[in-house]
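A.B. asks: based on what follows, work out the 3D shape:
(one chain, ligands or ions: 1)
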Amino acid sequence: MGKCRWMVVVAMACGTGLVAAQDNATRANHPMVLYAARLFDVEAGKIVTPGEVLVEGERIVAAGAEVEHPAGAEVIDLGDMTLMPGLIDVHVHLFLHPGAEDLQTVEESVPQRTILATLAAKADLMAGFTAERDMGTEGAGSADTAVMRAIDDGLVPGPRLRISGNAVDILGGHEDANHFNPAQHVLSNADRANNAEEIVAVIREQHKEGSTFVKMYETGPDSMVNGEFHTPYQYTEAELKAGVEEAARLGMNVGVHAQGEPGTLYAAEAGVASIDHATQLSDETMRLMKEKQIPAVPTFTIFEYFAEHAGSPEAAAREKVMLEYKVREFKRQVAAGVPMAVGSDVGPFPHGTQAKEFELMVRYGMTPLAVLQADYLNGARILRWQDSVGKLKAGYFADVVAVEGNPLKDITVVERVGFVMKGGVVVKGRQ
Ligand SMILES: [Zn+2]
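C.D. replies: Numbering: from 1, shown residues only. Predicted coordinates for the structure are as follows:
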């Protein structure tokens, strides 16, 4: 009798129908068949009825309307739900929590922030996110290496992670503690690099300490002047290219924070893996992104959160103008065929609530199907896990979630994930 059978009994005894498995949940040593009323086929872009997924060990053996039930297989009947691959968030900050972002990185120790990061990872996993890209520890250096390894070793629950350590930034750049008393010498939240040579050196150092991709700041600070968005670039195309090539040498790729021109163009020309925030893209940048299949990651949730949680009415008005500008530009980008991916920038707002990003991308102009395919297919590609996550398919990791309702009709169902399996282990169950 496996773990899941035990969980079912507990769930019924509790009478809630919901139970979170213990953190040290172990993988069943027999095949499992997940059954539900529906299954979302990512590649075909349609709902299959009913839905079954055969799992052995940490991998999917088969998936579809019906699969073989081998002898000794345990069937987990999820009833009137839709089976989907585990959700992907390509822009998270496990090392940030709500409240005074610039001060928490100065006042809280790295050990304290690391403990909070493990709780953030657990919250994201319980919300259905089984793979994530942590876009910079913001002053915690390579502490994310410890979090990633603890998750991979099964010591703490969390998503599969791509990690960067700190981001890379110029002197006086986006993350460089610019408004603090200079005499206090408050350190940057990123690793400084001012030219191609320094970029290469920083990437080597980060990789030595465990990084699996590179995050670079390409624009900032941002301003709106007469309704037009302005943001200076930080690195030239040649400098970004040096970063992209060094990352590639080490089997990694580069994600950039790039909000506007000409930084976004330089990033597209340099061949980065994703352009995050992507508030302003010129026609030429959009053409290049489409041609090279570089996704934009709009991160609407963080913009909406800041607009709704600003410190003053003036700040709220500024954030709202920014969001409206962003929405207009996003509609142009969608119309131009710019590939998209789903990243929320969670951290400054509570971990585990970031599936709101799907809802906002639909609200601002994409279909539920397009958003889901962007998440699973482009998200997996950004993570360089396109052959192992993002599909319910033989050979892929058994990262499976289930939601009530049909996500193609109502995208908000992904904000209420009722069942989560990661690598063949049920971490959140329902019967
Ligand atoms: Zn971010």
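A.B. asks: quick one: the helices in the stretch 1-150 of the chain, in order.
C.D. replies: Assignment of helices within the stretch 1-150 of the chain using DSSP state H, counting those that start in this stretch yields the ranges 3-14, 101-107, 110-126, 143-152.
A.B. asks: could you dump those into CSV with mean pLDDT added?
C.D. replies: As requested, the helices of the stretch 1-150 of the chain are arranged in CSV below (pLDDT from 0 to 100):
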stretch, mean pLDDT
helix 3-14, 33
helix 101-107, 92
helix 110-126, 98
helix 143-152, 98
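A.B. asks: among those helices, which is nearest the ion?
C.D. replies: Taking CB to the ion as the criterion, the ion comes closest to helix 101-107 out of those, the separation being 9.9 Å. C-betas here are computed from N, CA, C, even on glycine.
A.B. asks: okay, buried residues for the closest one please.
C.D. replies: For helix 101-107, burial by neighbour count (16 or more other CB atoms under 10 Å) applies to Asp102, Gln104, Thr105.
A.B. asks: what does stretch 74-82 give?
C.D. replies: Of the residues in stretch 74-82, those with enough neighbours to count as buried (16+ other CB under 10 Å) are Glu74, Ile76, Leu78, Met81, Thr82.
A.B. asks: strands - which of these land there?
C.D. replies: Taking DSSP state E, the ones among the buried residues of stretch 74-82 that sit in strands are Glu74, Ile76, Met81, Thr82.
A.B. asks: who is the second one paired with across the strands?
C.D. replies: The partner list for Ile76 in beta bridges (DSSP bridges) reads Leu34.
A.B. asks: circling back to that earlier point, relative to Arg416, which of the helices of the stretch 1-150 of the chain is closest?
C.D. replies: Closest to Arg416 of the helices of the stretch 1-150 of the chain is helix 110-126 (CB to CB; 11.7 Å).
A.B. asks: can I get the closest one in PDB? Just the C-alpha atoms.
C.D. replies: Presented in PDB, the C-alpha positions along helix 110-126 are these (Å, rounded to 0.1, in the frame of the first residue of the first chain):
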ATOM      1  CA  VAL A 110      21.400  35.900   4.300                       C
ATOM      2  CA  PRO A 111      20.700  32.900   6.600                       C
ATOM      3  CA  GLN A 112      17.400  34.500   7.600                       C
ATOM      4  CA  ARG A 113      16.500  35.300   3.900                       C
ATOM      5  CA  THR A 114      17.500  31.700   3.000                       C
ATOM      6  CA  ILE A 115      15.000  30.200   5.500                       C
ATOM      7  CA  LEU A 116      12.300  32.500   4.100                       C
ATOM      8  CA  ALA A 117      13.300  31.400   0.600                       C
ATOM      9  CA  THR A 118      12.600  27.800   1.400                       C
ATOM     10  CA  LEU A 119       9.100  28.700   2.700                       C
ATOM     11  CA  ALA A 120       8.600  30.700  -0.500                       C
ATOM     12  CA  ALA A 121       9.600  27.700  -2.600                       C
ATOM     13  CA  LYS A 122       7.100  25.500  -0.700                       C
ATOM     14  CA  ALA A 123       4.300  28.100  -1.200                       C
ATOM     15  CA  ASP A 124       4.900  28.200  -4.900                       C
ATOM     16  CA  LEU A 125       4.900  24.400  -5.200                       C
ATOM     17  CA  MET A 126       1.700  24.100  -3.300                       C
END
